[in-house]
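A.B. asks: Return a 3D structure for these sequence lines:
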Amino acid sequence: MAWVILFVAGLFEVAWAVGLKYTEGFTRIGPTIFTAVSLAASMGLLGMAVRSLPLGTAYAIWTGIGALGTVILGIVLFKEPATVARLFCVGLILAGIVGLKLVTKDAG
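C.D. replies: Coordinates of the predicted model:
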């Protein structure tokens, strides 16, 4: 269950990171509230996940999911460049996430 919680925490990290773009420097109230709620949910769920997962592994996977999702949404939503080098590096992040999952056991 901790892995599912960690994955959802990562999705909320993507939400708040992308939400930052829409806040326009925290000048738009709706996106700012969305970003703050997403940030709180992400942190809260990460805190729950580290109860039974190693901190370093959980944090690396959480940030990896956030980075991967944010890059993908940046390409899709904001027309950021999708160069071969950039996609290769994103693939390395994905490989790291999968690798950490495969070598880490849930302590709970």
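A.B. asks: Who are the packing partners of the longest helix seen in the chain?
C.D. replies: Secondary structure assigned by DSSP state H gives helix 55-78 as the longest helix of the chain. Helices and strands touching helix 55-78, by 3 or more Cβ pairs under 8 Å, 6 or more residues apart in numbering; DSSP states H and E, are helix 2-23, helix 29-49, helix 84-103. To be clear about C-beta, it is placed using only N, CA and C from the backbone, and glycine gets the same treatment.
A.B. asks: helices and strands around the longest one, which ones?
C.D. replies: This points to helix 2-23. helix 29-49, helix 55-78.
A.B. asks: what separates it from the chain centre, distance-wise?
C.D. replies: Between the centre of helix 2-23 and the centre of its chain there are 5 Å (Cα atoms, centre = their mean, to the nearest Å).
A.B. asks: buried ones in it?
C.D. replies: Neighbour counts over helix 2-23 (16 or more other Cβ atoms under 10 Å) mark 2, 5-20, 23 as buried.
A.B. asks: Now do that helix against helix 29-49: the angle between them, please.
C.D. replies: Going by axes from the mean of the first three to the mean of the last three Cα atoms, to 10 degrees, helix 2-23 is angled at 160 degrees with respect to helix 29-49.
A.B. asks: which residues touch helix 2-23?
C.D. replies: By Cβ atoms under 8 Å, 6 or more residues apart in numbering, the surrounding residues in contact with helix 2-23 are 28, 31-32, 34-36, 38-39, 41-46, 48-49, 51-53, 58, 61-66, 69-70, 73-74, 77-78, 101, 106, 108.
A.B. asks: try it again with 7 Å
C.D. replies: Counting contacts by Cβ atoms under 7 Å, 6 or more residues apart in numbering, the residues outside helix 2-23 that touch it are 28, 31-32, 34-35, 38-39, 41-42, 45-46, 48-49, 52-53, 58, 61-62, 65-66, 69-70, 73, 78, 106, 108.
A.B. asks: okay, that helix in CSV with CA atoms only?
C.D. replies: This file holds the C-alpha atoms of helix 2-23, laid out as CSV (Å, rounded to 0.1, in the frame of the first residue of the first chain):
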residue,chain,number,x,y,z
ALA,A,2,2.9,2.4,0.7
TRP,A,3,4.0,2.2,-3.0
VAL,A,4,0.5,3.2,-4.1
ILE,A,5,0.5,6.1,-1.6
LEU,A,6,3.9,7.1,-2.9
PHE,A,7,2.8,7.0,-6.5
VAL,A,8,-0.2,9.2,-5.7
ALA,A,9,2.0,11.6,-3.8
GLY,A,10,4.2,11.9,-6.9
LEU,A,11,1.1,12.6,-9.0
PHE,A,12,0.2,15.4,-6.6
GLU,A,13,3.8,16.7,-7.0
VAL,A,14,3.2,16.9,-10.7
ALA,A,15,0.0,18.8,-10.1
TRP,A,16,1.5,21.4,-7.8
ALA,A,17,4.5,21.9,-10.0
VAL,A,18,2.4,22.4,-13.1
GLY,A,19,0.0,24.5,-11.1
LEU,A,20,2.9,26.9,-10.3
LYS,A,21,2.9,27.9,-14.0
TYR,A,22,-0.8,28.8,-13.9
THR,A,23,-0.5,30.9,-10.7
